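the sequence isn't on hand, but the structure is:
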């Protein structure tokens, strides 16, 4: 029987642990807070997925070595900007032959590295063992066992297949790909585009406006991805447009909700104070913008979101900046 360790007890880490357990995988979770660990051991995670029972086969601990011991699959589900420090804390407890699965959707500040690159560098993990799971992954819907599909990306097809087999309950259909760059970048950039869509809604704009942002946001994602060597087909699939639509349009999306509050006139610190959470797009927009600049890629929506989040620009000023750009061919 396959054994998996999930490092992180937030909503998506817990939902994916349930996906694994419902596939017959034995799951041990690691959490920093004893209170959440106790909840999981009692059969739920009331802090992040209240009222949703967890399947049998999931246990939790605050000891990383206990969680990782003998695991065939290690799942990393911590905030993207804490990954490097967490890998340093966990030291040598991760099994040397396990597949390392990233659920994180961000680009590291300062280094502009994708999460798989951080895992390889800080964790000393061979790229053939690093797997990225991405797609329309709204945690609450998956925890409620609503049908969903996702992408399991790894440069080694056999490793991707093994993780897919361990993540295949009746309500969750994984597809495999070798395009780690495209899957991973799509997951990071869509959070920033969702902030822009949320801002548009907060300003009272309708579906034409939001659809335009989503479509042009996909164009920015594709341009940056292809500059990094991604397969353009990925951006029209689950990890690309699928995840983008879910994150931009669902009220369950933290990034869309964060942008909605910005559009209504709140500042970043005010939104954090109200929601008690910082959306991944807020943390990653500067590093994604820097990555685009480093590769000479034009990303005007990302640039304007970063200006609102980090430079204090008003959300309503973004519209004029985007609409006033020089005319161009849509395909360029």
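Everything's here; your move. Owing to the predicted nature of the structure, the values given are computational and were not obtained by experimental measurement. Residues are numbered from 1 along each chain as shown.

could you use CA atoms for every contact and neighbour count after this?
OK.

any idea how many residues pack against the closest residue to residue 169 other than its chain neighbours?
Across the structure, with Cα to Cα, 6 or more residues apart in numbering as the measure, the residue nearest residue 169 apart from its sequence neighbours is residue 23 (4.7 Å). Using other Cα atoms under 10 Å, residue 23 has 18 other residues around it.

check residue 165 too.
17.

which residues does it contact?
Counting by Cα atoms under 8 Å, 6 or more residues apart in numbering, residue 165 makes contact with residue 23.

now it: how far from residue 152?
Residue 165 sits 10 Å away from residue 152 when distances are taken as Cα to Cα, to the nearest Å.

same deal with residue 39?
Distance, residue 39 to residue 152, using Cα to Cα: 29 Å.

my guess is residue 110 contacts residue 286, does it?
No: under the criterion of Cα atoms under 8 Å, residue 110 makes no contact with residue 286, lying 9.2 Å away.

from residue 15, how far off is the closest residue to residue 51 other than its chain neighbours?
What sits nearest to residue 51 in space, not counting adjacent residues and going by Cα to Cα, 6+ apart, is residue 44, at 7.4 Å. Between residue 44 and residue 15 the computed distance is 11 Å (Cα to Cα).

which one of these two has more residues nearby?
Between residue 44 and residue 15, residue 15 has the larger neighbour count (other Cα under 10 Å), namely 26 against 21.

about what we covered before: which one of residue 39 and residue 152 is surrounded by more residues?
Higher neighbour count among residue 39 and residue 152: residue 152, with 28 against 15, using other Cα under 10 Å.

so what's the backbone phi/psi at the more buried one?
The main-chain torsion angles of residue 152 are listed as degrees, to the nearest 10 and equal phi -110, psi 110.

start at 586, not 1
Understood, numbering begins at 586; the last thing we discussed is residue 737.

for residue 773, see how far away the spatially most central residue of the chain is.
Geometric centre of the chain, nearest residue: residue 690, 2.8 Å, by Cα atoms, centre = their mean. Residue 690 is 5 Å from residue 773, where distance means Cα to Cα.
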